[in-house]
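**Q** need the 3D shape of this:
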Amino acid sequence: MNSVKTLMIIVFSLVLLVCLAGCGLIDNLQSFKDSGDTEEQEPDEVIIEEGLTVDPGDATEPEQSDDETASQVTGSGDSREVVLYFANSEGTSLEGETRAIAKQDGIARATINELIAGPSDADLSPTLPASTILEDINIADGVCTVDFSSDLLTDLSSDQEAQMLALYSIVNTLTQFDSVDYVRILVNGQALDTMAGVDVSTVIAPLN
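**A** Prediction:
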């Protein structure tokens, strides 16, 4: 009887050892499989550097005031050249006059003030009344909005051709700048309906 009991204990122990060994083998196989799966995924891993940011301000074009106009005008030293459009000697068309003005942030404002001051060339005639005051100017999304005092209208000739030259002397002078595609003209902060028979209630394209 004791021999049988001893034999049963030995058999049970062997079975237990086999089971434990089998479980360990399974765990090892599973670990090996998991390791293999990880190694296969490594080429597709994407690493994102922590703290990497993109400033959205660098990706968009902000609104520009007249102090931020992005013109590419030539010049050297402390001056830059711009083109001012005045009436020709017959008063029938516009003619450009190149003028060097002091370098400054508000180049668009300075350019219009030079246009109001009139031409240096004796063969050219002013297009805007000397009494005109530039009240405000700003550039946004390719449109330059200029606001003049009422003198622009009250002291301007009633001749339609003269008014046409005045209108496009402003527009063509401003659209020489790369940041300006169109011009909007205001008087005392109010939009005009027409000027020289031209619809100026919205934006105005340059005259080619």
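**Q** next, count neighbours for residue 131.
**A** As a burial measure, residue 131 scores 13 neighbours (other CB atoms under 10 Å). C-betas here are computed from N, CA, C, even on glycine.
**Q** please verify my assumption that it contacts residue 153.
**A** No - Residue 131 is not in contact with residue 153 according to CB atoms under 8 Å; the separation is 11.0 Å.
**Q** and the pLDDT at residue 104?
**A** pLDDT, residue 104: 84.
**Q** three-state assignment of it?
**A** Assigned with DSSP: H, G, I helix; E, B strand; the rest coil, residue 104 falls in the coil class.
**Q** what backbone torsions are found at it?
**A** As for residue 104, its main-chain torsions (degrees, to the nearest 10) stand at phi -160, psi 160.
**Q** which residues sit in contact with it?
**A** Taking CB atoms under 8 Å, 6 or more residues apart in numbering as the criterion, residue 104 is in contact with residue 110.
**Q** and if we set it to 10 Å?
**A** 67, 78, 79, 80, 110 (CB atoms under 10 Å, 6 or more residues apart in numbering).
**Q** can you flag which of the residues you listed belong to helices?
**A** residue 110 (DSSP state H).
**Q** per-residue confidence for residue 130?
**A** 97.
**Q** now do residue 157
**A** 94.
**Q** again, but for the one 3 residues further on
**A** At residue 160, the pLDDT value in this model is 93.
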